[in-house]
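Colleague: got a sequence here, can you model it:
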Amino acid sequence: MAEWFKDWFAADEYLEVYRHRNEEDARKLFELILKNIDTSKVKSVLDIACGAGRHSIFFAQNGFHVTAFDLSFNLLRIAKHKAEKNGLDIGFFNADVRNITLKKKFDLIINLFTSFGYFDTDEENFLLFKDAHFFLEKGGHFVFDYFNIEYLKRNLVAESVEKTDSKTFVQQRFIEDNRVKKNIFIHNGGKDKVYYESVKLYRKEEVITGLEDAGFCITKIYGDYTGNDFELKSSPRLIIIAKK
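Modeller: Numbering: from 1, shown residues only. Reported below is the predicted structural model:
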């Protein structure tokens, strides 16, 4: 299960499980980001771990030049299809966040929807912050969206069952070894599949230290996509705006 993300993010069922993360969430976060940056100074955007491209598409639709990458070829295929359908030219490519190779720098870099904490070591996880700082133009912004672990611990649903026309999704969630883990069972007429998730739990202070050690200055912290201030016990998200 060490590199669970390779199998799970490549699965056709991934977007079915996360269908609740809709375009409205992406729009709210996009608008929140724009409120915190000087858009006149932002032309290029890098979307790290872009998934199916929800956020990349919003930026491209609003005139930004977007480059985006993900580990999953399946999610990239969906993202490219959406972009082409909307007549958008987005530079999608395949890459692992631990091995980013680019020949340019960007005015804005985003890492959204808890695309962080997947790896076994802190060194591997926090490498993302160092790379984001390196590939950011001076004066540029980095936006980081992660869950609030205090809220997560208080509101974790141990098991849920969802049914579609042909499939049943059973998700079992638990905290172990300072990681939030999930077993995902997919029942489809006798063709059963099992996938896993395992994400390291980092406190707000640990994330801030990681960003500052990478060279960032924290400018704002929000607790949800609508722009409410971060509250330790009640905020579902940890959204940090940082500047180089």
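Colleague: which residues of the protein fall in strands?
Modeller: Counting by DSSP state E, the chain has these strands, from start to end: 44-48, 65-70, 91-94, 106-111, 136-147, 159-163, 168-176, 179-187, 193-200, 217-222, 237-243.
Colleague: between these, which gets nearest to residue 118?
Modeller: Minimum separation from residue 118 across these (CB to CB) falls at strand 193-200, 6.2 Å. The way it works is simple: take the backbone N, C-alpha and C, and place the C-beta from them, glycine included.
Colleague: paired strands for that closest one, with orientation please.
Modeller: Strand pairing for strand 193-200, using DSSP bridges, gives strand 179-187 (antiparallel).
Colleague: mind checking how far the partner strand is from the chain centre?
Modeller: 18 Å (CA atoms, centre = their mean, to the nearest Å).
Colleague: for stretch 229-241, list the C-alpha coordinates in CSV.
Modeller: Only the C-alpha atoms of stretch 229-241 are listed here, as CSV (Å, rounded to 0.1, in the frame of the first residue of the first chain):
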residue,chain,number,x,y,z
ASP,A,229,-11.0,32.7,8.6
PHE,A,230,-9.4,29.5,9.8
GLU,A,231,-10.7,28.2,13.1
LEU,A,232,-8.9,25.2,14.7
LYS,A,233,-12.0,23.2,15.7
SER,A,234,-14.6,24.2,13.1
SER,A,235,-12.8,24.8,9.8
PRO,A,236,-12.9,21.9,7.4
ARG,A,237,-10.0,23.1,5.3
LEU,A,238,-6.6,24.7,5.7
ILE,A,239,-6.1,27.0,2.8
ILE,A,240,-2.8,29.0,2.9
ILE,A,241,-1.8,31.9,0.6
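Colleague: and stretch 172-187, C-alpha only, in PDB?
Modeller: C-alpha atoms of stretch 172-187 as PDB (Å, rounded to 0.1, in the frame of the first residue of the first chain):
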ATOM      1  CA  GLN A 172     -13.900   2.600   5.700                       C
ATOM      2  CA  ARG A 173     -12.000   5.400   7.300                       C
ATOM      3  CA  PHE A 174      -9.700   5.400  10.300                       C
ATOM      4  CA  ILE A 175      -6.600   7.100  11.800                       C
ATOM      5  CA  GLU A 176      -3.500   5.000  12.300                       C
ATOM      6  CA  ASP A 177       0.200   5.900  12.600                       C
ATOM      7  CA  ASN A 178      -0.600   9.600  12.300                       C
ATOM      8  CA  ARG A 179      -2.200   9.100   9.000                       C
ATOM      9  CA  VAL A 180      -5.800   9.100   7.900                       C
ATOM     10  CA  LYS A 181      -6.400   5.900   6.000                       C
ATOM     11  CA  LYS A 182      -9.300   4.600   3.900                       C
ATOM     12  CA  ASN A 183     -10.300   1.200   2.500                       C
ATOM     13  CA  ILE A 184     -12.400   1.500  -0.600                       C
ATOM     14  CA  PHE A 185     -14.400  -1.500  -1.600                       C
ATOM     15  CA  ILE A 186     -16.200  -1.400  -5.000                       C
ATOM     16  CA  HIS A 187     -18.800  -4.100  -5.700                       C
END
